[in-house]
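Asks: Dropping a prediction and its sequence here:
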Amino acid sequence: MSRRRFRTAALGVAAVLAVLALVSTVAPNPASARGPKVAVCVSPSVRSGIEVNATVPKQAADLLIRRTASYLGVCASYGQSARMGKGTIRAFSQSRDGVPHTIGLVMTKDTLKDLPNHPPTAGLWCYDLNGDGTIDQHIECTGGYEYPLQLGKAFRTRVNTPFEYVLMNWNPAGHLPEHIYDRPHFDVHFYMNSNEERLAIRPGPCGMLVNCEDFEVGARPIPARYMPADYSDFGAVEPGMGNHLIDLTGPELNGEPFRHTFIYGSYGGRLTFYEPMITYDWYRDLASGSVAAGCFPIKQPGAWQSAGWYPTTYCVRHRDNRSEIVTTLEGFVHRKAG
């Protein structure tokens, strides 16, 4: 065994011993130990990279979270990561016995520092609308700064859910419509179609700077029974993304300021992504503790085009013991196609 592998194994043993020691301090008598137990992923520290599954009394789990970098639920399966701002973002999932509990994006708190803001996009999706041979980043580009991250291979191949990857978009100047979504914010897309299909949606002069042929495909209507409740299609097809369906009952469309909301995406008459859309200010205030973490219902369609596990809530939390912000889809329910 190499020295590195030996050290990793030793840290794993130490983590398990820490669980036993903390459990004994919280539940010293049999009656306490017989109380409700919860799943917790035990981690001595974020830097160690060690994560060990355990099931312990709720009091012990709370103590672990206070004293270590542990978190509730089964240990995560991590996908791809990327540098963003001064921090790191990473796709992750939590599942057990083929049942998904969570898919999400974790970002270190430093991600909110030194984010790119000029020009307003990375220049990946641009089209010379006026034909002058130059690109005006402010009116001839869309998409912000994007970071596509695959979920872990084991999750994608072993869990019957349509989600394949997370696409994080940072929009320093927001986007249309004006006076609603034109605040600095993040679009956290959870995609159900392949990255190759997404990338094939070309820029052009139609819709929101999309190729006209691709606009026609993107604007194909979803059959009524598959359309989520209260959502409407305004032909908001973008290159490198697809169409965006809007909930007309959303608070930001009814006189309240935009803080966070939920968007559905489609392409070719099928739902293709789930998208919590969250302002920079909301993430910042969540990290500082001035706003509370929360989970919010996702409005459901009446039927599903493909069978599998689908989420019913999206959640945004700050893990104080890990200095991380997590944006997740949760509350998975297995749906039949029909």
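Replies: Ah, there it is. In this text, all values refer to a predicted model and were calculated from it rather than measured experimentally. Numbering: from 1, shown residues only.

Asks: any low-confidence regions in this protein?
Replies: Residues of the chain meeting the criterion pLDDT under 70: 1-35.

Asks: how does it divide into domains?
Replies: The chain resolves into domains spanning 3-71, 76-335 when parsed by automatic domain parsing.

Asks: how about JSON lines for those domains, with mean neighbour count added?
Replies: The way it works is simple: take the backbone N, C-alpha and C, and place the C-beta from them, glycine included. Output for those, formatted as JSON lines (neighbours: other C-beta atoms under 10 Å):
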{"stretch": "domain 3-71", "mean neighbour count": "16"}
{"stretch": "domain 76-335", "mean neighbour count": "18"}
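
Asks: any idea how far C75 lies from F215?
Replies: Between C75 and F215 the computed distance is 43 Å (C-beta to C-beta, to the nearest Å).

Asks: do C315 as well
Replies: Going from C315 to F215 by C-beta to C-beta gives 33 Å.

Asks: Helices of the stretch 1-150 of the chain, start to end?
Replies: In the stretch 1-150 of the chain, the helices defined using DSSP state H, counting those that start in this stretch lie at 3-26, 30-33, 58-67.

Asks: Tell me how far the last one lies from the chain's centre.
Replies: Same thing as helix 58-67. Taking C-alpha atoms, centre = their mean, to the nearest Å, one finds the center of helix 58-67 at 26 Å from the center of the full chain.

Asks: C-alpha coordinates for that helix, CSV please?
Replies: Taking Å, rounded to 0.1, in the frame of the first residue of the first chain, the C-alpha atoms of helix 58-67 are listed here in CSV:
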residue,chain,number,x,y,z
LYS,A,58,-30.1,12.7,16.1
GLN,A,59,-28.3,14.4,19.0
ALA,A,60,-25.0,12.8,17.9
ALA,A,61,-25.5,14.0,14.3
ASP,A,62,-26.1,17.5,15.5
LEU,A,63,-22.9,17.4,17.6
LEU,A,64,-20.9,16.0,14.7
ILE,A,65,-22.1,18.9,12.5
ARG,A,66,-21.1,21.4,15.1
ARG,A,67,-17.7,20.0,15.7
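
Asks: Show me what T327 is bridged to.
Replies: L105, V316 (DSSP bridges).

Asks: Double-check it against V188; I have them as touching.
Replies: Yes. Counting by C-beta atoms under 8 Å, T327 touches V188, with 4.9 Å between them.

Asks: show me where the stretch 201-338 of the chain has helices.
Replies: 212-218, 280-288.

Asks: could those go into a markdown table alongside distance to P311?
Replies: Formatted as a markdown table, these follow (distance: least, C-beta to C-beta, whole Å):
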| stretch | distance to P311 |
| --- | --- |
| helix 212-218 | 23 |
| helix 280-288 | 20 |
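
Asks: Out of these, the one nearest D62 is which?
Replies: Comparing those by their distance to D62 (C-beta to C-beta), the top pick is helix 280-288, with 20.4 Å.

Asks: Output the contacting helices and strands for the closest one.
Replies: In terms of contacts (3 or more C-beta pairs under 8 Å, 6 or more residues apart in numbering; DSSP states H and E), helix 280-288 is packed against strand 185-191, strand 313-319, strand 324-330.

Asks: now the angle from that helix to strand 324-330?
Replies: Going by axes from the mean of the first three to the mean of the last three C-alpha atoms, to 10 degrees, helix 280-288 is angled at 110 degrees with respect to strand 324-330.

Asks: Report the distance from helix 280-288 to the chain centre.
Replies: The answer for helix 280-288 is 16 Å, by C-alpha atoms, centre = their mean.

Asks: Next: stretch 78-90.
Replies: Centre-to-centre, stretch 78-90 and its host chain are 12 Å apart (C-alpha atoms, centre = their mean).

Asks: Could you do stretch 125-144 as well?
Replies: The answer for stretch 125-144 is 28 Å, by C-alpha atoms, centre = their mean.
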